[in-house]
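1. Could you work out the structure for the sequence below:
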Amino acid sequence: MGAGIPRDGNPVLAGEERVGAVTSGTYSPSLEQGAGMAYVRADLAESGTELEIDVRGKRRAARVASRPLYRKAS
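-> Next up, the predicted model:
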């Protein structure tokens, strides 16, 4: 996710179309950026899909990712 922290209810966008909504989000210290979970249309839910999230009126880049988002170095 780009700069900004996704929050519950933020719209998820594909171009000009609203395709989902954030269900939870916060700042991830291990990723050093915002991270969140969202419901999106099934055709856009594949890992690697580039989307945007409207965070307080500013569009922020986002990418669908598989869990875990972070792997601890061994």
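
2. Can you give me the buried ones in stretch 35-44?
-> Neighbour counts using 16 or more other C-beta atoms under 10 Å place A35, G36, A38, V40 of stretch 35-44 among the buried residues. All C-beta spots, glycine's among them, are computed from the backbone N, C-alpha and C.

3. what's the straight distance from one end of it to the other?
-> End-to-end distance of stretch 35-44 (C-alpha to C-alpha, to the nearest Å): 18 Å.

4. how about the closest residue to D54 other than its chain neighbours, what does it touch?
-> Counting by C-beta to C-beta, 6 or more residues apart in numbering, P11 is the residue found nearest to D54 once chain neighbours are left out, at 4.6 Å. Counting by C-beta atoms under 8 Å, 6 or more residues apart in numbering, P11 touches R18, G20, A21, V22, I53, D54.

5. Spatially central, which residue of this structure would that be?
-> A62 (4.6 Å; C-alpha atoms, centre = their mean).
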